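**Student:** next comes the sequence, and after it the predicted model I'd like to discuss.
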Amino acid sequence: MGIINFPELEQINRIIEQLGDRARVEVVERIQYRDYEFPIHCITLGSTRPDAPALALFGGVHGLEKIGSEIILSYMQSISQLMDWDEEFLARLEKSRLVFVPVVNPVGVCFGMRSNGNGVDLMRNSPVQGEGATRIYSGHQLTPRLPWYRGDVLNMEKEAQAVCRVVDRQLFSSPLSMALDLHSGFGIRDRLWFPYAGRRAPFAFIAEALALKELFDRCYRHHVYRIEPMCLEYLINGDLWDYLFDSFRQSHADQHIFMPLTLEMGSWLWLRKSPLNLFSRLGWFHPLLPHRQQRIFRRHFILFDFLHRSLLYPKSWAHLDAREKVLYQNKAVSLWYE
C-alpha cells in the first residue's frame, strides 16, 4: 500500500524538513483508503512541560474547506523562518507550546470531499446529541450518500479519534489551553465561535470568553471577526468540540481552562466578488484567485499571534476574581443569550 502525494502533504513534508530537530513530529494516525495510506501529522513546537500554556491549530476537518489547512501551513512556514532569528519569539516558545494538525482529513483534502473516505462528516461524528438540532444539516444517520452524515457515533472515525488524542495529550494537561479549528463556507463575515454548538446554553468559561473578546476588541479595534457562541447561528449534532469540552470538564480540575474556538471564514464574500466560483465545487469554500488566497493567508496571522500571547499573559482575561467573574458572566448572558 503506497502513500499518495497531494499539495498539502508535500508542503507539510517541506516544513517538517525546514524545522528539523526544532519540531517534534508524530504521525498520529494512518488512514487507509482505496490502495493508499494517508498520514495525519501532528507537529509540536516549544515547551515539553505538561503545564505550559498551549495553543493548537487544526485544519482540513472538512476536505472541501482546504483554505484552513493552507492558512495553517502558511503560518507554519512563517514560524520556521522566525525561528532562525527572532529571539523574542523563541523566548515565547520556551514558555509555551504550539501544536499543529494542519490536515485532519487527508482523504477529504486530497479528493475534494467534505466527508472522510467513509462518507462521514467528522464535525458531526461525536456521540453528543444536540438539543433542537433537527434539520438535515445538523447531522443525520440516514445515509453516507447525503452530506452531514454522522456515521457510527459510538465508534468515532479514526480521524476524529486522532484529534481527541492530540487534544488530550497536548492540551488537557495544561492549566490554560486553546484549540482553534479553521473552517470556511458560512456567511459573509468571518466568525470566531466558542461552545456550545449543540445547545443554547452558556459554557463554563463564558466570562473568560467575553473578557478575551473585549481584550481583542481593545487591541484591534478594526478586526474582522464576529465573536459569539456557535449556537446563535445554528445547532448541530455530534460537534467534536462540544464533546471534547464536556470530556475536559468531567476529568479536570475547575482551575484549568480549556477554550475550544472555531474560525469560520465567510466564503459568501468570495462568491459575491467572483460569481464564477459558483461553478466550481471547491470555489464555494475556497478563494480561487491567487491574490485573494494571499490576502486570506495574511488576514488571520494577527489572530494567531494574539491568542498565543494571551495564553502567556492571561491575567487580564483568564484570572478573574469572583466579582469580575460574576460581572462578565452577567454581561455575557445579556449580550449573547437574552
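**Tutor:** Cool, the structure landed.

**Student:** tell me the contacts of the spatially most central residue of the chain?
**Tutor:** The centre of the chain sits closest to Asp181, judged by Cα atoms, centre = their mean, with a distance of 0.7 Å. By Cβ atoms under 8 Å, 6 or more residues apart in numbering, the contact list for Asp181 reads 58-59, 61, 68, 241, 260-263. The C-beta positions use only the backbone N, C-alpha and C, and glycine is treated the same way.

**Student:** at 7 Å what do you get?
**Tutor:** Neighbour list for Asp181: 58, 61, 241, 262 [criterion: Cβ atoms under 7 Å, 6 or more residues apart in numbering].

**Student:** tell me what it is bridged to.
**Tutor:** Taking DSSP bridges, one obtains Phe58, Thr262 as the residues bridged to Asp181.

**Student:** quick one, grab the pLDDT at it.
**Tutor:** The score at Asp181 is 98. That number is its pLDDT.

**Student:** ok, Ile188 next?
**Tutor:** According to the model's per-residue confidence, Ile188 sits at a pLDDT of 83.

**Student:** can you check Leu278 too?
**Tutor:** The pLDDT attached to Leu278 in the predicted structure is 67.

**Student:** how about Leu288?
**Tutor:** For Leu288, the model assigns a pLDDT of 66.

**Student:** gap between the residue nearest to the centre of the chain and Ile72?
**Tutor:** When distances are taken as Cβ to Cβ, to the nearest Å, Asp181 and Ile72 turn out to be 10 Å apart.

**Student:** low-confidence ranges in the stretch 51-200 of the chain?
**Tutor:** Confidence mapping of the stretch 51-200 of the chain against pLDDT under 70 gives zero matching residues.

**Student:** let me redo that: the stretch 201-338 of the chain
**Tutor:** Scanning the stretch 201-338 of the chain residue by residue, the ranges that satisfy pLDDT under 70 are 253, 271, 276, 278-279, 283, 288-289.

**Student:** got the residue ranges for the helices in it?
**Tutor:** Per DSSP state H, counting those that start in this stretch, the stretch 201-338 of the chain has helices spanning 206-219, 240-251, 268-273, 290-299, 301-312, 322-336. These are given in chain order.

**Student:** how about those helices, which one is nearest Asp35?
**Tutor:** Comparing those by their distance to Asp35 (Cβ to Cβ), the top pick is helix 240-251, with 28.5 Å.

**Student:** can you tell me what sits against the closest one?
**Tutor:** 122-123, 125-128, 160, 163-164, 167, 172, 181, 195-198, 203-204, 258, 260, 262.

**Student:** same thing but at 6 Å, please
**Tutor:** The list of residues contacting helix 240-251 from outside it, by Cβ atoms under 6 Å, 6 or more residues apart in numbering, reads 123, 126, 128, 160, 167, 172, 195-198, 258, 260.

**Student:** from these, which ones fall inside strands?
**Tutor:** Secondary-structure check on the contacts of helix 240-251 using DSSP state E: residues within strands are 258, 260.

**Student:** possible to save the contacts of helix 240-251 as a markdown table with neighbour count?
**Tutor:** As requested, these are arranged in a markdown table below (neighbours: other Cβ atoms under 10 Å):
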| residue | neighbour count |
| --- | --- |
| Met123 | 25 |
| Ser126 | 27 |
| Val128 | 25 |
| Ala160 | 27 |
| Val167 | 25 |
| Phe172 | 17 |
| Pro195 | 27 |
| Tyr196 | 23 |
| Ala197 | 29 |
| Gly198 | 27 |
| Phe258 | 23 |
| Pro260 | 27 |
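
**Student:** looking at the contacts of helix 240-251, which is nearest Trp284?
**Tutor:** Of all these, the one with the least separation from Trp284 (Cβ to Cβ) is Met123, at 16.7 Å.
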